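Student: Here you go, sequence then predicted model.
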Amino acid sequence: AQSVSQHNHHVILSEAASLELGCNYSYGGTVNLFWYVQYPGQHLQLLLKYFSGDPLVKGIKGFEAEFIKSKFSFNLRKPSVQWSDTAEYFCAVTRASGTYKYIFGTGTRLKVLA
Amino acid sequence: DGGITQSPKYLFRKEGQNVTLSCEQNLNHDAMYWYRQDPGQGLRLIYYSQIVNDFQKGDIAEGYSVSREKKESFPLTVTSAQKNPTAFYLCASTSTLGAGELFFGEGSRLTVL
């Protein structure tokens, strides 16, 4: 069965610090990968997605993620965080064909200190 | 505006009562999903439907039921058999099966007293 692991449950950073959130998935076939963000009091929205091609994908608000197939990983990065990045971040995976179950990780709560 | 509408936003019910959460989308999406969000557990898939009149169980379907009689609607019933129903419920939809971005509603918070 597919599963997604996010190892960082809570992260606290100061503004301008660099961010890297880990995401590992378990599925041996071809997958599509996503990072979603949930700002306080708002609904989930897409940060970025990977389907195929260049393993380094860029998303909104300066976020990027790198797909490393050999490590089953899709880590999220941002060179310099802002206070407004305080939110909960979710990694998600779905098979690229067959049964389209979108499976989410447990989330990482990021707090950025001004 | 196109989007996903969930109602009610807040719902209080007594233990032992069934409740139905509404999810309507006007995005012309084929696939719809129900998730449950609990602190520290992320989003867990309850049920999903890839086409009208068809749906599949997710990872935590016990105590829940759904129907998909119309493309735009995917209501979720939380039955009295669900042992811990107090939670935040999210509905989502997507157009491109297996590849597309999931669009989410604003959620329904159910509290069972």
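Tutor: On my side now, so go ahead.
Student: C-alpha from now on. contacts and neighbour counts both.
Tutor: Noted.
Student: got a pLDDT number for residue A:73?
Tutor: Looking at residue A:73, its pLDDT reads 96.
Student: is it true that it touches residue A:23?
Tutor: Yes: the pair residue A:73 and residue A:23 qualifies as a contact (C-alpha atoms under 8 Å) at a distance of 5.6 Å.
Student: Out of the two, name the residue with the larger neighbour count.
Tutor: Higher neighbour count among residue A:73 and residue A:23: residue A:23, with 25 against 19, using other C-alpha atoms under 10 Å in any protein chain shown.
Student: give the contact list for that one.
Tutor: Contact analysis of residue A:23 by C-alpha atoms under 8 Å, 6 or more residues apart in numbering or on different chains lists A:4-7, A:73-76, A:91, A:105.
Student: Run a quick neighbour tally on residue A:39.
Tutor: Counted by other C-alpha under 10 Å, the residues lying close to residue A:39 total 15.
Student: roughly how far apart are it and chain B?
Tutor: 12 Å (C-alpha to the nearest C-alpha, to the nearest Å).
Student: and the residue of chain A found nearest chain B, how far is that from residue B:71?
Tutor: Closest residue of chain A to chain B, C-alpha to the nearest C-alpha: residue A:106 (3.7 Å). Look at residue A:106 and residue B:71: by C-alpha to C-alpha, to the nearest Å, they are 30 Å apart.
Student: Name the residues of chain B found near chain A, please.
Tutor: Proximity of chain B to chain A, by C-alpha under 8 Å from any C-alpha of the partner chain, involves residues B:40-45, B:48, B:58, B:97-99, B:101-107.
Student: What are the contacting residues of the top strand by length along chain B?
Tutor: When chain B is parsed with DSSP state E, its longest strand is strand B:42-51. The contact list for strand B:42-51 (C-alpha under 8 Å, 6+ apart) reads A:90, A:101-107, B:30-37, B:55-61, B:64, B:66, B:68, B:71, B:97.
Student: repeat that for 6 Å
Tutor: The contact list for strand B:42-51 (C-alpha atoms under 6 Å, 6 or more residues apart in numbering or on different chains) reads A:104-107, B:30-37, B:55-61.
Student: And the contacts of residue A:23, which is closest to residue A:14?
Tutor: Lowest distance from residue A:14 to the contacts of residue A:23 (C-alpha to C-alpha) belongs to residue A:76, with 17.3 Å.
Student: That closest one contacts residue A:65, doesn't it?
Tutor: Yes: contact status for residue A:76 versus residue A:65: in contact at 4.4 Å, counting by C-alpha atoms under 6 Å.
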